[in-house]
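J.: The following comprises the amino acid sequence and a computationally predicted model.
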Amino acid sequence: MRALLGFLLFSFSLSASAADVSVRFFGAQQEPRRPANEAYINAIVDSDSIERSNIRVRIAFDPSFEILEVRHWPFLWECTSAPGEVICTNPEFKLGADGQIMLQLRTPAAPRGGEFRFTADLTADNDTNPANNHAETVLYVIQRMLVTNTNDSGEGSLRAAIEQLNASCGRARPCDIRFVIPSVTVPVIEPLSPLPEITACGTVIGDLPTDIRAQPPLQVELRGTHAGTGSGLVLRTTCGNDDAYVVGLAVGGFPEDGVAIRGGGFYRIWGCRLGTDASGMQAVPNGLRGLAVTDPGAITTALASQISGNARSGIALWSALTTYVGGTMIGVAADGTAMANGTSGIFVAPNVGSLNVADSVIANNVDFGLALASTRGVINIGPDVRITGNRTLDIDWNLDGPSPAGDARVPPTPRIVSAAYDPDTNRTHVTYTIEPIRGGSLRLRFYASEGRTRFGTAHLDTFLGERAFNAGPGGTFTEEFEGDLRGKWISAWAQAWTVQLFPDSPAPSMMWPSEVSEAVKP
């Protein structure tokens with residue numbers, strides 16, 4: 001993970017032995033931490049056998065590095081700084097005393113990036129070997145390709161930035177694309193033909209927020225209504241480590257997919273809107289899907305995004321190793337109203353490795369919320385996921401409507417027998433049955449909803465609670481939930497963990513959701 005988004009730690013060691021004082025660099029050459037672009041440099045002074053006087057350390061570097069803070073220990077050190085250098089002196093360095101000088105720097109904001117040389121020089125009284133008092137190293141700073149206008153091509157355009165990125169950047173020398181387009185509103189870039197595929201390793205397209213827990217601001221809208229063919233951004237890298245981030249972009253109106261991942265490795269779609277305008281309130285449909293993944297080695301995260309209004313599925317996983325969807329709205333406008341994708345919210349093809357969904361909403365889509373055809377791996381849907389208002393089914397296996405009981409390809413769906421409200425205890429009692437569990441475990445989750453699908457299953461609107469079952473004979477059980485649920489539709493589904501429930505599957509173990517039970521009212 002780019003060493004915590006590129007965290008940089010340099011150290012200098014200054015040691016005294018007999019009548020000798022020396023300086024050296026140690027530690028890996030790492031890029032500056034992103035997005036803050038800070039470097040921490042430590043100078044360590046050690047006295048082993050003698051007292052030393054008038055020690056002077058000069059650390060020199062490119063003056064484009066901004067000095068944020070200089071700290072030292074013990075307090076006998078005196079440090080002064082100027083652009084491009086820090087000088088620390090200690091008039092009396094006692095036997096056995098350890099010293100440390102720490103510099104906190106901000107790396108250059110200029111787009112040139114590249115290699116920067118750091119040097120350290122030391123002097124002290126009575127030093128018998130001054131030949132080892134100089135050290136140097138090279139730091140690689142990420143180069144930034146700046147998009148300064150909304151033109152289709154030429155200097156400062158997104159197309160030119162991608163071309164430069166592909167030509168000059170790679171795993172050892174990653175680069176970024178940053179948008180610095182003067183505009184009082186979110187600028188709109190409208191390519192007149194498909195943009196080049198992004199093949200350079202380790203790039204960030206957009207500007208990461210300073211706080212990695214924050215929502216990235218929407219920086220630019222890519223609108224493909226004049227592109228003629230193709231997808232908005234095609235990511236085809238083969239690094240296997242932080243291949244590409246797409247941050248804070250709205251991508252809509254392209255003939256094919258908004259973002260297409262066609263290479264193996266790590267990808268993150270963060271704070272994006274796929275299928276809408278920059279406001280998230282107006283659909284700008286991509287002709288196929290908002291996000292499509294087609295490489296069996298792809299590890300993809302869709303985080304804090306909106307994927308709505310596309311002509312077909314919001315997310316389509318045709319072939320993928322691992323996909324995580326978190327804090328994302330699918331089929332929903334920015335204000336929470338409906339903005340359907342034309343088929344399903346998330347489609348999972350047969351050979352997808354795993355899908356994990358948490359803290360998200362999958363709603364209002366024309367066909368299914370989750371359209372599942374996977375025959376291996378893990379599909380884990382968290383209890384904080386709301387799946388509702390999808391017009392066919394909220395969870396469907398095999399794209400064929402409710403699966404019949406006994407279908408070995410599908411985890412067994414619980415059946416709600418009855419529900420009744422007890423006014424004396426202000427609790428609603430729900431009775432249900434589950435089939436025998438041949439191995440592994442089931443975790444049943446119960447929901448209440450105002451409405452049902454056309455097949456009679458309730459939507460997964462309000463989470464009521466859950467109950468876990470280990471392997472056993474199944475049977476009839478009753479749960480109690482606080483409050484008067486009369487007038488609500490009650491339903492349940494099961495998150496299953498076991499291979500033995502699915503004898504036809506080649507996977508050694510898996511986690512799969514069942515479909516949703518038919519609903520009853522108290």
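T.: Good, I have the coordinates.

J.: Please verify my assumption that D335 contacts M281.
T.: Yes - between D335 and M281 there is a contact under CB atoms under 8 Å: 6.6 Å. All C-beta spots, glycine's among them, are computed from the backbone N, C-alpha and C.

J.: Flag the shaky bits of the stretch 201-350 of the chain, pLDDT-wise.
T.: Applying pLDDT under 70 to the stretch 201-350 of the chain flags the ranges 210-213, 240-242.

J.: the longest helix in this structure is where?
T.: Assignment by DSSP state H gives helix 158-168 as the longest helix of the chain.

J.: Let me know the next secondary structure element after it.
T.: Sequence order places strand 175-179 as the next helix or strand after helix 158-168, per DSSP states H and E.

J.: Output the contacting helices and strands for that following strand.
T.: Here strand 175-179 touches strand 143-147, helix 158-168, strand 203-205, going by 3 or more CB pairs under 8 Å, 6 or more residues apart in numbering; DSSP states H and E.

J.: Tell me the buried residues in the longest helix of the chain?
T.: Across helix 158-168, burial judged by 16 or more other CB atoms under 10 Å covers L158, R159, A160, A161, I162, L165, N166.

J.: which of those lies closest to G451?
T.: In terms of CB to CB, no member of the buried residues of helix 158-168 lies closer to G451 than L158, at 43.3 Å.

J.: for that closest one, what are its contacts?
T.: Residues near L158 by CB atoms under 8 Å, 6 or more residues apart in numbering: V147, I177, I189, P191, L195, L222.

J.: pLDDT weak spots in the stretch 51-200 of the chain?
T.: Ranges of the stretch 51-200 of the chain meeting pLDDT under 70: 51-53, 75, 93-98, 109-111.

J.: In it, what residue spans correspond to strands?
T.: Along the stretch 51-200 of the chain, counting by DSSP state E, counting those that start in this stretch, strands occupy 52-60, 66-73, 78-82, 85-93, 98-106, 114-123, 134-141, 143-147, 175-179, 188-189.

J.: Could you save those as TSV and add columns showing mean neighbour count and distance to P216?
T.: Formatted as TSV, these follow (neighbours: other CB atoms under 10 Å; distance: least, CB to CB, whole Å):
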stretch	mean neighbour count	distance to P216
strand 52-60	18	34
strand 66-73	15	23
strand 78-82	12	33
strand 85-93	18	34
strand 98-106	18	20
strand 114-123	17	26
strand 134-141	16	22
strand 143-147	20	16
strand 175-179	22	12
strand 188-189	18	17
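
J.: By residue count, which strand of the protein is the longest?
T.: strand 437-449 (DSSP state E).

J.: That strand: which residues count as buried?
T.: So, applying 16+ other CB under 10 Å, buried residues of strand 437-449: I437, G440, S441, L442, R443, L444, R445, F446, Y447, A448, S449.

J.: can you check stretch 391-406 too?
T.: In stretch 391-406, counting by 16+ other CB under 10 Å, buried: T392, L393, D394, I395, D396, W397, P402, S403.

J.: Looking at those residues, spot the one nearest G264.
T.: W397 (27.3 Å).

J.: Nearest spatial neighbour of that closest one, chain-adjacent residues omitted?
T.: Leaving aside its sequence neighbours, W397 sits nearest to V410 (CB to CB, 6 or more residues apart in numbering; 4.5 Å).

J.: Count the residues that sit near the nearest residue to R289 once chain neighbours are set aside.
T.: Excluding its sequence neighbours, the residue lying closest to R289 (CB to CB, 6+ apart) is A316, at 4.4 Å. By other CB atoms under 10 Å, 25 other residues sit near A316.

J.: A strand includes A316, no?
T.: Yes - counting by DSSP: H, G, I helix; E, B strand; the rest coil, A316 is part of a strand.

J.: Next up, the contacts around it.
T.: A316 makes contact with D257, L288, R289, L291, A292, V293, I346, F347, A349, according to CB under 8 Å, 6+ apart.

J.: For beta bridges, what are the partners of it?
T.: A292, F347 (DSSP bridges).

J.: Also W73?
T.: Applying DSSP bridges, one finds that W73 bridges with Q100.

J.: Repeat that for I434.
T.: Taking DSSP bridges as the rule, I434 bridges to G475.

J.: residues touching it, list them.
T.: P412, P414, R415, L442, L444, F469, G474, G475, F477, A494.

J.: possible to save the residues you listed as JSON lines with distance to R273?
T.: Listed next are the contacts of I434 as JSON lines, based on distance: CB to CB, whole Å:
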{"residue": "P412", "distance to R273": "38"}
{"residue": "P414", "distance to R273": "36"}
{"residue": "R415", "distance to R273": "40"}
{"residue": "L442", "distance to R273": "37"}
{"residue": "L444", "distance to R273": "35"}
{"residue": "F469", "distance to R273": "40"}
{"residue": "G474", "distance to R273": "45"}
{"residue": "G475", "distance to R273": "47"}
{"residue": "F477", "distance to R273": "43"}
{"residue": "A494", "distance to R273": "33"}
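
J.: which one of the residues you listed is nearest D152?
T.: Nearest to D152 among these is A494, at 51.5 Å by CB to CB.

J.: What about that closest one, how many residues nearby?
T.: Using other CB under 10 Å, the number of residues around A494 comes to 26.

J.: sec struct for it, please.
T.: Going by three-state DSSP: A494 is strand.

J.: How about it: what's its closest non-neighbour residue?
T.: Nearest one to A494, counting by CB to CB, 6+ apart, is S514 at 4.2 Å.

J.: Enumerate every residue touching that neighbour.
T.: I395, V410, P411, P412, T413, P414, W493, A494, Q495, A496.

J.: List buried residues within those residues.
T.: By 16+ other CB under 10 Å, the contacts of S514 give I395, V410, P411, P412, T413, P414, W493, A494, Q495, A496 as buried.

J.: still on that earlier bit, closest to F266 out of the buried residues of stretch 391-406?
T.: Looking across the buried residues of stretch 391-406 and measuring by CB to CB, the closest to F266 is I395, at 28.0 Å.

J.: do you know how far that closest one is from E480?
T.: Remark: distance between I395 and E480 (CB to CB, to the nearest Å) = 25 Å.

J.: likewise P217?
T.: From P217 over to E480 (counting by CB to CB), the distance is 46 Å.

J.: circling back to that earlier point, pick the one among the buried residues of strand 437-449 closest to G326.
T.: R445 (18.4 Å).

J.: And that closest one, what's its pLDDT?
T.: Per-residue pLDDT puts R445 at 95.

J.: Am I right that it is in contact with A492?
T.: Yes - using CB under 8 Å, R445 is in contact with A492, at 6.4 Å.

J.: burial of E190, as a residue count?
T.: Residues lying near E190 (other CB under 10 Å) number 15.

J.: Could you pull up the residues touching it?
T.: With CB under 8 Å, 6+ apart, E190 has these contacts: T150, D152, L222, R223, G224, T225, H226, A227.
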